[in-house]
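J.: Quick one, what's the 3D model for this:
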Amino acid sequence: MAEPFLIDPIRLSEPRDVVDALQERYEQAVAALRHALQHFLETGTPPDPALRQQFCYPGLTLTYRPEGATPSNRRAFAKFSGPGVFGTTVTQPHAFRAYLLEQLTPLMGDYGAVAHVGRSRQEIPYPYVIESGDELARGTASASELARSFPVPLLSVVGDEIADGLWHDHGPQPLALFDAVRVDYSLRRLVHYCGTDWRDVQPWILLTNYHRYVDQFIRRGIAEIRAGRAVSLSLPGDVTLDARHDDHAIDAIIAAAPWTRFQMPAYHLKRANGQGATLVNIGVGPSNAKTITDHLAVLRPHVWLMVGHCGGLRPSQQIGDYVLAHGYLRQDHILDSLVPTDIPIPALAEVQTALQIAAQSVTGEDGEALKRRLRTGTVVTYDDRNWELRWSQERRRINLSRAIAVDMESGTIAAQGFRFRVPYGTLLCVSDKPLHGEIKLPGAASAFYQRAVSQHLEIGLAALDLLRENRLSLHSRKLRSFDEPPFR
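T.: Residues are numbered from 1 along each chain as shown. As a prediction, the model looks like this:
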């Protein structure tokens, strides 16, 4: 007989009570694990089996047993595809409170699902309860000694089988795309790569491949704070700017911020309502693009948009023109086994419309003038920056695709959005035309950067503003599988 998914479950009828119970169970488990760690470091006494059973994530199940047909609605999330018992483990319930309530309220209200909260059998790895990282330095225990007595991160239990449609189990059906140990794994990786607390990441995300966009984002952030539209700006290295800082202090803080220590530094412009914007400089290449979106996905952002540079492939394009991707020729290869290239990555109407309206508003151009400046079409994403050296081999494929631009990240980011059910979009700026003799020489590049980057970032932020106004309709049913977990 299979072991029960929950130990000592309690039944709850209100979504807020469910989240409160998850929080209480989580805090109890973390406190027990931290206390046992401290005791071990001081005395060398390991936890006994009974105590170790307390080091487990809380679990949640929703049971849906309709008396008739499953209700139909047009919502893209918080819905059941059929009757059954659905379960997941949960970490950091306090930080995810708004998200959990957004999912639970319609599932329990519209469908009458019955909720149970209890202790799961999934252990919390001890590194995930250590915040500052120096607690273990006070003891003499080695990593191997700790691993013999405490749960450790195991790659064998961290995976994306649910998101990738590979889940097979005899327990409850999946309630969410990611369980607790997968979420905790990514939260720690975000801190490592981005240099900021994962709690600072905002639900509206811009991804770029050039640091010059960061400079403009910081300037915009400071202006937003001065105008009262934002409350603070978080920089890598746990640096925070807010209205208390004058211009002189801000310049000094920015100059001293240790962003160079981090592979993909992140910047977070926070609003009082929690609906701010994050910019991540992911650098160049599909590997970075996949890495960061693997981890950002567990935060369930509302959208991520790529705003970076590309090579223009058409003679009529000019340096500084924009490319709004409506399709991708994926030559990045990094996701071929997870999202095969014969799987279409659809353009999302809500995102495409927001980007086009934002471009029109920021540039002040419309009609034919906007069409000359903003071209919609297919973007080729390569994993080889020097693809031009194979032009004789690549020419026919690019021609058949009718591609209008080439880069190294956009197709990966879109495919990851499709894979993880995160709305996505791409607005690129033409920085060179490699097939037409207009290459990125230092002088021309510098002039281009000064002219184009500020406006391009402004369009990206304006698009986020438009998408915020229609948040519920943004989460497209195009991204949902037929047996989708109920949680977004």
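
J.: From one end of stretch 88-97 to the other, what's the distance?
T.: For stretch 88-97, the first-to-last residue distance is 15 Å (C-alpha to C-alpha, to the nearest Å).

J.: If we go by neighbour counts, what in that stretch is buried?
T.: Buried residues in stretch 88-97, defined by neighbour count with 16 or more other C-beta atoms under 10 Å: 88, 89, 90, 91, 92, 93, 96. (Each C-beta comes from the backbone N, C-alpha and C, glycine too.)

J.: Which pair of these spans the longest distance?
T.: Pairwise distances among those were taken by C-beta to C-beta; the largest, 13.3 Å, belongs to 88 and 92.

J.: still on that earlier bit, now the buried residues of stretch 88-97 as CSV including pLDDT, distance to residue 433 and secondary structure?
T.: Output for the buried residues of stretch 88-97, formatted as CSV (pLDDT from 0 to 100; distance: C-beta to C-beta, whole Å; DSSP: H, G, I helix; E, B strand; the rest coil):
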residue, pLDDT, distance to residue 433, secondary structure
88, 98, 49, strand
89, 98, 51, strand
90, 98, 50, coil
91, 98, 48, coil
92, 98, 47, coil
93, 98, 51, coil
96, 98, 45, coil
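
J.: can I get the residues you listed in a markdown table with distance to residue 27?
T.: Written out in a markdown table, the entries for those read as follows (distance: C-beta to C-beta, whole Å):
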| residue | distance to residue 27 |
| --- | --- |
| 88 | 18 |
| 89 | 15 |
| 90 | 12 |
| 91 | 11 |
| 92 | 11 |
| 93 | 9 |
| 96 | 14 |
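
J.: Geometric centre of the chain: which residue is closest?
T.: The central residue of the chain, meaning the one whose C-alpha is nearest the mean C-alpha position (C-alpha atoms, centre = their mean), is residue 296 at 2.5 Å.

J.: Relative to residue 338, how far out is that one?
T.: When distance is defined by C-beta to C-beta, to the nearest Å, residue 296 is 16 Å away from residue 338.

J.: Residue 460 too?
T.: 27 Å.

J.: Check residue 311 too.
T.: Using C-beta to C-beta, which is the criterion applied here, residue 311 is 26 Å from residue 338.

J.: higher neighbour count, the two?
T.: Per other C-beta atoms under 10 Å, whichever of residue 311 and residue 338 has more neighbours is residue 311, with 26 against 16.

J.: what about that one, which helix or strand?
T.: Secondary structure from DSSP states H and E places residue 311 in strand 309-312.

J.: ok, then the element right after that strand?
T.: By DSSP H and E, the next helix or strand past strand 309-312 is strand 322-331.

J.: What strands flank that following strand, and is each parallel or antiparallel?
T.: Here strand 322-331 has these sheet partners by DSSP bridges: strand 374-382 (parallel), strand 424-432 (antiparallel).

J.: Name all residues that make contact with the residue nearest to residue 293 when sequence neighbours are not counted.
T.: Ranked by C-beta to C-beta, 6 or more residues apart in numbering and with sequence neighbours excluded, the top spatial neighbour of residue 293 is residue 416, at 4.0 Å. With contact taken as C-beta atoms under 8 Å, 6 or more residues apart in numbering, residue 416 is in contact with 289, 290, 293, 294, 297, 335, 422, 424.

J.: which residues are in contact with stretch 260-269?
T.: Contacts for stretch 260-269 (C-beta under 8 Å, 6+ apart): 190, 193-196, 200-202, 214, 217-218, 220-221, 224, 230, 233-237, 259, 276-283, 288, 291-292.

J.: Quick one: mean pLDDT for it?
T.: Average pLDDT, stretch 260-269: 95.

J.: can you pull out the strands in the stretch 1-150 of the chain?
T.: In order along the chain, the stretch 1-150 of the chain carries the following strands (DSSP state E, counting those that start in this stretch): 7-12, 56-64, 84-89, 114-123.

J.: Check which helices and strands the last one sits against.
T.: Using 3 or more C-beta pairs under 8 Å, 6 or more residues apart in numbering; DSSP states H and E as the contact test, the elements touching strand 114-123 are strand 7-12, helix 15-43, strand 56-64, helix 180-194.

J.: at 6 Å what do you get?
T.: With contacts defined as 3 or more C-beta pairs under 6 Å, 6 or more residues apart in numbering; DSSP states H and E, the secondary structure elements packing on strand 114-123 are strand 7-12, helix 15-43, strand 56-64.
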